[in-house]
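> attaching a predicted model along with its sequence, questions to come.
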Amino acid sequence: MKDCVFYVKSNKKIAKNVFEAVLSGDTGEIKNPGQFVNVKLEGLFLRRPISVCDVKDGKLTLVYKTVGKGTEQMSEMKKGDTIDVLTGLGNGYDTGVSGDRPLLIGGGVGVPPLYYLAKKLISEGKTVSVVLGFNTEDEIFYRKKFEKLGCRVTVATADGSYGVKGFVTDALPDDYSYFYCCGPMPMLKAVYGKTRSSGQFSFEERMGCGFGACMGCSMRTVSGSKRVCKDGPVFKKEEILW
């Protein structure tokens, strides 16, 4: 964990209410896909946790949705602005257990951490399939980026305006060795019940501190209560209690 000042290189809207910010700074503490950062914003007491979308050549990419004061403030960042970022938080995904045909399942703003994960899995010589779920076509983002990496991509929209009509569970393929998932809680529960292999889930929780001090993001597991920010946000399928 490290507190750093980052410089805004770019910050642009990429879908309905969704923005992509590219920051430059010290990314050395970010070791695994699935980790997150905590962003400090002027006038707001609590930092905002944002998943790491990509890390490359000292640049950190964050994709976020405007849902409140914090993310609205982030959407107004301009090139050259500085921002205080706590990096290297959370455990991240374990790619060593994926087998040769991993499946990535993302819903809405649960999609971004899967991009960095896909890059790592492909660098390890694995064949990656991706299922992305959104409400409508105008919310879709990163489909082409996953395809450019070489992933086989399927998109589901709840209203049927693009791709498969329905949810990610309506678009799951049969041929996968392992799965990785990130998205809202109802989606995670549905994926848990529909998938046939082992896998890993990344949970989205409201966090007070981001590093395990406040116990505000605790969840139940087979081995007792665990903190999403410190012990997670990634948990194995077998340890989760709903």
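Structure received.

> rest of the way, CA atoms for contacts and neighbours
OK.

> now do the phi/psi pair for K16.
Phi and psi for K16, reported as degrees, to the nearest 10, are phi -60, psi 120.

> for it, which non-adjacent residue is spatially closest?
In this structure, K16 finds its nearest non-sequential neighbour in E139, 5.0 Å apart by Cα to Cα, 6 or more residues apart in numbering.

> G160: how many residues sit nearby?
Neighbourhood size, G160 [other Cα atoms under 10 Å]: 15.

> before we move on, back to that, what residues are up against the residue nearest to K16?
Applying Cα atoms under 8 Å, 6 or more residues apart in numbering, we find E139 in contact with 15-18, 108.

> next, the buried residues of the longest helix seen in the chain.
Taking DSSP state H as the criterion, the chain has its longest helix at helix 112-123. Neighbour counts over helix 112-123 (16 or more other Cα atoms under 10 Å) mark 112-119, 121-122 as buried.

> got it, and stretch 120-136?
Neighbour counts over stretch 120-136 (16+ other Cα under 10 Å) mark 121-122, 126-136 as buried.

> pLDDT on that stretch, on average?
Mean pLDDT, stretch 120-136: 98.

> so what's Y115 up against?
Contacts of Y115 were listed using Cα under 8 Å, 6+ apart, and they are 53-54, 146.

> return the distance of it relative to Y176.
To Y176, Y115 is 18 Å away according to Cα to Cα, to the nearest Å.

> helices along this structure, start to end?
Under the criterion DSSP H, the chain contains helices at 69-75, 112-123, 143-149, 185-194.

> output the least confident helix or strand in the chain by mean pLDDT as CSV, nothing but the C-alphas.
None of the helices or strands of the chain scores lower by mean pLDDT, DSSP states H and E than strand 218-221, at a mean of 87. Output in CSV follows, covering the C-alpha atoms of strand 218-221 (Å, rounded to 0.1, in the frame of the first residue of the first chain):
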residue,chain,number,x,y,z
SER,A,218,-17.1,-7.4,6.3
MET,A,219,-18.8,-10.4,4.7
ARG,A,220,-19.5,-13.9,5.8
THR,A,221,-17.3,-16.8,4.6
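
> what comes up buried for it?
Judged by neighbour count (16+ other Cα under 10 Å), strand 218-221 contains these buried residues: 218-219, 221.

> packing partners of that strand?
On a contact count with 3 or more Cα pairs under 8 Å, 6 or more residues apart in numbering; DSSP states H and E, strand 218-221 meets strand 224-227.

> from the contact counts, what lies against the strand it packs on?
Contact partners of strand 224-227 among helices and strands, from 3+ Cα pairs under 8 Å, 6+ apart: strand 218-221.
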